[in-house]
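S.K.: just need the structure, nothing else, for what follows:
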Amino acid sequence: MSNDTPASASNPNHGSSTRLRRSGDRDAGQLRPVRLLTGVSKYAEGSVQIECGDTRVFATASVERRVPPFRIDSGMGWVTAEYSMLPRATHTRSQREVTRGRLGGRTAEIQRLIGRSLRSVVDMRAMPDLTVTVDCDVLQADGGTRTASITAGYVALALALGRLYLAGDLVRWPLVDSVAAVSVGLVDDAPLLDLDYSEDSEAQVDLNVVATGSGRLVEIQGTGERRTFGRDEMDRLLDLAFVGVGTLIEHQNEALAPVLGDIRSAEERRSRPPAEPRQESELWGPPKG
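M.R.: Take a look at the predicted model:
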């Protein structure tokens, strides 16, 4: 299955103008061009490549019929994530972490964030004794790799669970909501949505915001990189973030439309009451001759 959904997301009624010249001449409240391409892996149960401007992440979801030790005999499943960056995803080559023999602190923190974000929208009791591992590999980095990984990871997870549900391996649909993430920040005192690398490196304040399709916050990671910031500024940044997340959710739904349509049809069939038994006379009809 493949669904290519290019888009350039914007909200002309939100966000003030900025003194900076942004990539693609974007407004302050405008996402970079977003593209989601599903079904890019031959073997993974769910796969997607996301492009957010020049940031590209490849996400796959793999299903295993086992759970971690702390989940055994619990009647629940598990969702986890791993994150890595190709050596030349950035301006200069970085050494592979496997070569160094240990996982870097940044990598460990990011993959825990991805896992927490995805688990926030999954009913684990609906997928007993199953583990889904979402692998997010950064092919090219230009800012926002962790937020792009969460957004893509949800799509890969939904595709994998959709395959299980449609095959009859799940009694009910495990996803209770959708989830996506975006960065926001203050650059030259201007609130901006979806920072690329050049903006992120100059940001006075930087936030990563994870939220659900129903408008609930999952996590906020934020810091005053170059100055402190007030509650009013944070509220303006969160307003921008919710606009961005809402648009990303729309792209996710578009990419997932075929499988979600099949799931709705399957749910309707499963919810239909069984047909009333017919009398034998109705089955055979009146005697002939």
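S.K.: what segments of the chain are strands?
M.R.: With strands called from DSSP state E, the chain shows them at 4-8, 33-38, 46-52, 55-64, 78-85, 131-140, 179-187, 190-193, 205-212, 217-224.
S.K.: report the beta-bridge partners for residue 63.
M.R.: residue 132 (DSSP bridges).
S.K.: neighbours of it, just the number please.
M.R.: Counted with other Cβ atoms under 10 Å, the neighbours of residue 63 add up to 18. For glycine as for every other residue, the C-beta is placed from the backbone atoms N, C-alpha and C.
S.K.: just residue 186 next, same as before
M.R.: By other Cβ under 10 Å, 23 other residues sit near residue 186.
S.K.: so for residue 104, what's the pLDDT?
M.R.: On the pLDDT scale, residue 104 is placed at 82.
S.K.: I'd say it and residue 97 touch.
M.R.: Yes: if you go by Cβ atoms under 8 Å, residue 104 and residue 97 touch, sitting 5.6 Å apart.
S.K.: if we can go back for a sec, between the strands of the chain, which gets nearest to residue 169?
M.R.: Across these, residue 169 has its closest neighbour in strand 55-64 (8.8 Å, Cβ to Cβ).
S.K.: now do the closest one: distance to the chain's middle.
M.R.: Put simply, strand 55-64 sits 10 Å off its chain's centre (Cα atoms, centre = their mean, to the nearest Å).
S.K.: give me the nearest residue to residue 199, chain neighbours excluded.
M.R.: Nearest residue to residue 199 in three dimensions, chain neighbours excluded: residue 187, at 5.3 Å (Cβ to Cβ, 6 or more residues apart in numbering).
S.K.: doesn't residue 194 make contact with the one you found?
M.R.: No: counting by Cβ under 8 Å, residue 187 stays clear of residue 194, with 11.9 Å between them.
S.K.: ok, these two, which is more surrounded?
M.R.: residue 194 (30 against 23).
S.K.: excluding chain neighbours, what is closest to that one?
M.R.: residue 31 (4.7 Å).
S.K.: if I look at the one you found, what pLDDT would I see?
M.R.: For residue 31, the model assigns a pLDDT of 97.
S.K.: and the one 10 residues further on, by the same measure?
M.R.: pLDDT recorded at residue 41 is 96.
S.K.: got a list of what residue 104 touches?
M.R.: Residues in contact with residue 104 (Cβ atoms under 8 Å, 6 or more residues apart in numbering) are residue 97.
S.K.: residue 72 versus that one, what's the distance?
M.R.: Residue 104 sits 30 Å away from residue 72, going by Cβ to Cβ, to the nearest Å.
S.K.: ok, now residue 51?
M.R.: On the measure of Cβ to Cβ, residue 51 and residue 72 end up 39 Å apart.
S.K.: show me what the residue nearest to residue 199 is bridged to.
M.R.: residue 190.
S.K.: roughly how far does the residue nearest to residue 194 sit from residue 70?
M.R.: 38 Å.
S.K.: show me which of these two is the more surrounded one.
M.R.: A count of neighbours by other Cβ under 10 Å puts residue 31 above the other of residue 31 and residue 70, at 25 against 8.
S.K.: just for the stretch 1-150 of the chain, where's the confidence low?
M.R.: Regions of the stretch 1-150 of the chain meeting the criterion pLDDT under 70 cover residues 1-20.
S.K.: again, only this time at 50
M.R.: Along the stretch 1-150 of the chain, segments meeting pLDDT under 50 span 1-2, 5-18.
S.K.: can you check the stretch 151-289 of the chain too?
M.R.: Along the stretch 151-289 of the chain, the model assigns pLDDT under 50 to no residue.
S.K.: at which residues are the helices of it located?
M.R.: Assignment of helices within the stretch 151-289 of the chain using DSSP state H, counting those that start in this stretch yields the ranges 197-200, 231-271, 280-284.
S.K.: relative to residue 153, which of those helices is closest?
M.R.: Once the helices of the stretch 151-289 of the chain are compared by Cβ to Cβ, helix 231-271 is nearest, at 10.6 Å.
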